[in-house]
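K.L.:
3D, please:
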Amino acid sequence: QVQVVESGGGLVQAGNSLRLSCVTSGRTLNYFTTGWFRQYPGKEREFVAAIRWSSNRIVYADSVKGRFTISRDNAKNMVYLQMNSLKPDDTAVYYCAVSGSVAASLPLTTGQYNYWGQGTQVTVSS
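P.N.:
Below you'll find the model as predicted:
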């Protein structure tokens, strides 16, 4: 069992920044990838970014490329999502999740992730 907890959401004005944090605990050794997803009201969760345990593989959704940065600190079991130049369209609930996928390419779909956090709300005002 793995526990996943996100934090760092809040209300910001467009153009500003937020950093989300995700801490994992429990039996994390077999879960090599951590991903961030977001969900708009009434919509399915969509992929935002993912990072491999070794940080040698990172992938971003096109919509956040160049604005968001994912990173990790394995000593602390933490993964971060630095979100810069925020737009009102970034308003959503953001979820952190871990995947045990061993495929060469990083998992991009919700079904490939095994454990999820409860989500943190990010609201960007115009």
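K.L.:
show me what contacts the most centrally placed residue in the chain?
P.N.:
Among the residues of the chain, the one closest to the centroid is W36, at 1.9 Å (CA atoms, centre = their mean). Applying CB atoms under 8 Å, 6 or more residues apart in numbering to W36 gives the contacts 20, 22, 48-50, 70, 79, 81, 94-97. C-beta here means a position set from N, CA and C on the backbone, and glycine is covered the same way.
K.L.:
Sheet partners, orientation included, of the one helix or strand it maps to?
P.N.:
Applying DSSP states H and E as the criterion places W36 in strand 33-39. Using DSSP bridges, strand 33-39 pairs in its sheet with strand 46-52 (antiparallel), strand 92-99 (antiparallel).
K.L.:
right, so these: which one is the most enclosed?
P.N.:
Stretch with highest mean neighbour count among the strands paired with strand 33-39: strand 92-99 (a mean of 24; mean count of other CB atoms under 10 Å).
K.L.:
what's the average pLDDT for stretch 112-126?
P.N.:
Average pLDDT, stretch 112-126: 97.
K.L.:
List the buried residues of it.
P.N.:
The neighbour-count check on stretch 112-126 (16 or more other CB atoms under 10 Å) flags 112-117, 119-120, 122, 124 as buried.
K.L.:
how about those residues in JSON lines, adding distance to T28 and secondary structure?
P.N.:
Listed next are the buried residues of stretch 112-126 as JSON lines, based on distance: CB to CB, whole Å; DSSP: H, G, I helix; E, B strand; the rest coil:
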{"residue": "Q112", "distance to T28": "17", "secondary structure": "helix"}
{"residue": "Y113", "distance to T28": "13", "secondary structure": "coil"}
{"residue": "N114", "distance to T28": "11", "secondary structure": "coil"}
{"residue": "Y115", "distance to T28": "9", "secondary structure": "strand"}
{"residue": "W116", "distance to T28": "14", "secondary structure": "strand"}
{"residue": "G117", "distance to T28": "13", "secondary structure": "coil"}
{"residue": "G119", "distance to T28": "19", "secondary structure": "coil"}
{"residue": "T120", "distance to T28": "20", "secondary structure": "strand"}
{"residue": "V122", "distance to T28": "25", "secondary structure": "strand"}
{"residue": "V124", "distance to T28": "31", "secondary structure": "strand"}
